[in-house]
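3D, please:
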Amino acid sequence: MEQLGPARHRIFFTEVGPRDGLQNLDRDLPTASKLALVEALLDADLDQVEVTSMVSPRWVPRMADAEALLAALVEARGHGMWRRIRVLVPNLVGLDRALAAGAQRVVANLGATEAFNQANLRQGVEDTLADLEVMAARARDHGSSLDVGISCAFGCPFEGRVNPDRVAMLADRVQALGAAEIGIADTIGVADPAQVSSLIELLVRSGVAAEQLSLHLHDTRGMGLANALAAYESGVRRFEGSVGGIGGCPFAPRSTGNVCSEDLLYLLQRVGAEISADLEALCATSQRLEALLGRELPGRLYRAGLWSGKPATS
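Below is the predicted model:
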């Protein structure tokens, strides 16, 4: 009898570079440059691209051109592109802006701790949960879906270690209000593989399907890829990353380094996962982004290249 090989689990990948990666830049990029980046990422066959944030320009000035960028995308690629686009919305005002622009998928954040939620959203956790319930209903009324990311799920810059039971409680609340996807974010890059596996096990035990979970990792302390592998082995099939490894959270001190998209996808592919992304095209995008920003990016694969197994040529 023929022996079947190991199952190839399909990964759903969200590229957050145009939003999370660019929001911390020390200078503005022209909207045309952002458009070119987003189009390159879409052409690299990534499942979903988080394009921008409907946040107040007073708080995140690099996202001030959100509507202009989305309008340019519609003009360049047509309304069908909305199926592969996601927009961050910090509150009801931001949601209404995104829906008015035509967004079909939006994502909102919830801090795992009171201190971070106050720093990021200027209100308490219970107030944000009440807003999220209204936002989820409003998104459904417009034929759109709402994802929710839980920030600082492993550690908070203001309160320290986060109790996993608290994250599980918040995930249950978010699931109950109708979130399509529940993101678990290591916002300040303090998790280790054992913590990742343990938290995922707890969340699944509490009733959140592994297929509904997404992992958003920062490589601040060099643990991003190890944590991603632990999550994959624990059943997570949805991941986020930033092209070239650019970005970080502007409201979390020393929160450098989103996990690099091409490095993460290369890892998952090498352990047998099925990905949609064209890694060569994604590396080429990082190379162009490096030239645009005028500095070497944190990612490794775009510099080293994919391993073919053949001897290197001089």
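
any chance you could map the strands in the stretch 101-250 of the chain?
Here the stretch 101-250 of the chain has its strands, by DSSP state E, counting those that start in this stretch, at 105-111, 145-151, 155-156, 160-161, 182-186, 213-217, 238-241.

can I get those in a markdown table with mean pLDDT, mean neighbour count and distance to Ala130?
Where C-beta positions appear, they are placed from N, C-alpha and C, glycine not excepted. Below are the strands of the stretch 101-250 of the chain laid out as a markdown table (pLDDT from 0 to 100; neighbours: other CB atoms under 10 Å; distance: least, CB to CB, whole Å):
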| stretch | mean pLDDT | mean neighbour count | distance to Ala130 |
| --- | --- | --- | --- |
| strand 105-111 | 98 | 26 | 11 |
| strand 145-151 | 98 | 24 | 13 |
| strand 155-156 | 96 | 22 | 21 |
| strand 160-161 | 97 | 10 | 26 |
| strand 182-186 | 97 | 25 | 18 |
| strand 213-217 | 97 | 25 | 23 |
| strand 238-241 | 98 | 26 | 26 |
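
Ser261 is nearest to which of these?
Nearest to Ser261 among the strands of the stretch 101-250 of the chain is strand 238-241; the distance by CB to CB comes to 3.6 Å.

circling back to that earlier point, now the strands of the stretch 101-250 of the chain as a markdown table including distance to Pro18?
Shown next, in a markdown table, are the strands of the stretch 101-250 of the chain (distance: least, CB to CB, whole Å):
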| stretch | distance to Pro18 |
| --- | --- |
| strand 105-111 | 13 |
| strand 145-151 | 16 |
| strand 155-156 | 26 |
| strand 160-161 | 32 |
| strand 182-186 | 17 |
| strand 213-217 | 15 |
| strand 238-241 | 12 |
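
if we compare these, which one ends up closest to Gln23?
Checking these against Gln23 by CB to CB gives strand 105-111 as the closest, at 12.6 Å.

Any idea which of the strands of the stretch 101-250 of the chain gets closest to Leu170?
So among these, strand 145-151 is nearest, using CB to CB, at 5.6 Å.

and the closest one, what does it pack onto?
strand 105-111, helix 114-121, helix 125-141, helix 164-176, strand 182-186, strand 213-217 (3 or more CB pairs under 8 Å, 6 or more residues apart in numbering; DSSP states H and E).

tell me the contacts of the residue nearest in space to the middle of the chain?
Central residue of the chain (CA atoms, centre = their mean): Glu240, 3.8 Å from the mean position. Neighbour list for Glu240: Phe13, Thr14, Glu15, Val16, Glu50, Gly183, Ser214, Leu215, His216, Leu217 [criterion: CB atoms under 8 Å, 6 or more residues apart in numbering].

hang on, the third one packs against Gln48?
The one in question is Glu15. Yes - with contact defined as CB atoms under 8 Å, Glu15 reaches Gln48; the gap is 7.0 Å.

Compare those two (neighbour count), which wins?
Set side by side, Glu15 and Gln48 show more neighbours around Glu15, with 31 against 21, by other CB atoms under 10 Å.

what bridges to that one?
Note on Glu15: beta-bridge partners by DSSP bridges are Val49, Gly241.

Could I get the pLDDT score of it?
pLDDT for Glu15: 98.

Please tell me I have it right and Gln48 contacts Val87.
No - contact criterion CB under 8 Å: Gln48 and Val87 do not qualify, at 11.0 Å.

residues shared between the contacts of those two?
Common neighbours of Gln48 and Val87 (CB under 8 Å, 6+ apart) are Arg105.

Of the helices and strands packed on strand 145-151, which is nearest Ala72?
Using CB to CB as the measure, strand 105-111 is the one of the helices and strands packed on strand 145-151 that comes nearest Ala72, at 18.6 Å.
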